[in-house]
Structure formats: structure tokens, C-alpha cells
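[1] I would like the atomic coordinates for the input below:
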Amino acid sequence: MGVSGTGKTTLSKQLGAQLDCPVLEGDAFHSAANVAKMRDGHALTDADRWPWLDRLGVAIGETAREGGTAVAACSALRRAYRERLRAAAGVPLYFVCLDTDAQEIARRMSGRKDHYMPPSLLGSQLATLERPMADECALTLDAGLPPEKLIAQTLAWVQRD
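    Below you'll find the model as predicted:
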């Protein structure tokens, strides 16, 4: 989880490979209207997000029940969104929050090609972000670290249970 440009997709793909499990890309569960809205530089509202979170949460739950484990990349910016995903999934979820300096995120976003999320929406994402609290099943990591370190830290955290 985290704002756009923090490396969620990169980490999820590599983590899925390490765990030999399916990886779900949260962006693929957005409606065409949501994608068009973001591409046009407009932030999504909660009303836009609820159906997306429900679709993704159901897919996470189904995939995890079929194979035992699944990894998903999703912004899940607010606690309410994480709770919505948990409810829709119906299986225990672990959240890894990738967080780093806003300037670094903006640099990454500016370097991406063919992505619908414009750098102009970074401010609204950061304003929406509610970092996980101590009572949530979540780990916050520095998105500036190399992916191999993020994977090692994530696996150590998940496997401690």
C-alpha cells in the first residue's frame, strides 16, 4: 500500500515470485470511469473507490482461498479503505506501507511512461494518506530502500506469525 509511485507494483511482483503465489494489481480492478477521471487529473472520491475496493478485496479473498497466499498492490490510503478490503476479502490481510519523501515519489512518477496517474495528483494522494496505526496489521517501510531489502523485511515480518 502507499501513494502512487512508491514501488507497490515492483515489490508485489518480486514478493509474489519469492512466495510463488499469484499477484493482483489493484489498478486492474479500477473501472474505466475511474481511470479516465484520474488520467484527466481528477482525484477519486470515496464513492469512486468503494466499488473498486470491493472488487479487489473479493479477488484477494478468492485467490488466497484457492492457493493459500496472494499478494496485491493497492494504494489503500485510508484506514477505512484497508478495513473495506479486509471485509471484502474475508481472509487475514497484512499491509506493507511503502512510504518515502514526497520529492522522491514525484521524481518517480515523472519518469513513468504510459501510466494514467499524473504527478499532479500526488498532493491529493498524500493529503488522503492515513499511515497505518499500531493497532493495524501493517508494517511501514522506507520505499527508498532497494527492493531486495524491502522483500527481506516484509518476509521476516510476515513469517514471524
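[2] now residue 95: how far from residue 23?
    15 Å (CB to CB, to the nearest Å). No exception for glycine: its C-beta is placed from N, CA and C like everyone else's.
[3] strands of the protein, start to end?
    Remark: strands assigned in the chain by DSSP state E are 23-25, 71-73, 95-99, 138-142.
[4] possible to save these as JSON lines with mean pLDDT, distance to residue 129 and mean neighbour count?
    JSON lines is the format used below for these (pLDDT from 0 to 100; distance: least, CB to CB, whole Å; neighbours: other CB atoms under 10 Å):
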{"stretch": "strand 23-25", "mean pLDDT": "97", "distance to residue 129": "20", "mean neighbour count": "18"}
{"stretch": "strand 71-73", "mean pLDDT": "97", "distance to residue 129": "16", "mean neighbour count": "25"}
{"stretch": "strand 95-99", "mean pLDDT": "93", "distance to residue 129": "8", "mean neighbour count": "21"}
{"stretch": "strand 138-142", "mean pLDDT": "95", "distance to residue 129": "11", "mean neighbour count": "16"}
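[5] ok, which of those comes nearest residue 157?
    strand 138-142 (4.8 Å; CB to CB).
[6] only alpha carbons, please: show the closest one as PDB.
    C-alpha atoms of strand 138-142 as PDB (Å, rounded to 0.1, in the frame of the first residue of the first chain):
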ATOM      1  CA  ALA A 138       0.700  -3.300   9.000                       C
ATOM      2  CA  LEU A 139       4.400  -2.700   8.500                       C
ATOM      3  CA  THR A 140       5.700   0.700   7.200                       C
ATOM      4  CA  LEU A 141       8.900   0.500   5.200                       C
ATOM      5  CA  ASP A 142      11.100   3.200   3.500                       C
END
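[7] which strands and helices sit next to it?
    strand 95-99, helix 147-159 (3 or more CB pairs under 8 Å, 6 or more residues apart in numbering; DSSP states H and E).
[8] distance to residue 81 for the ones you listed - can I get that in JSON lines?
    Putting the helices and strands packed on strand 138-142 into JSON lines (distance: least, CB to CB, whole Å) gives the following:
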{"stretch": "strand 95-99", "distance to residue 81": "10"}
{"stretch": "helix 147-159", "distance to residue 81": "20"}
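[9] of these, flag the one that's most buried.
    strand 95-99 (a mean of 21; mean count of other CB atoms under 10 Å).
[10] quick one: low-confidence residue ranges for this structure.
    102, 104-123, 161 (pLDDT under 70).
[11] please, where are all the helices along the protein?
    With DSSP state H as the criterion, the chain has helices at 8-19, 32-39, 46-67, 79-89, 102-111, 122-128, 147-159.
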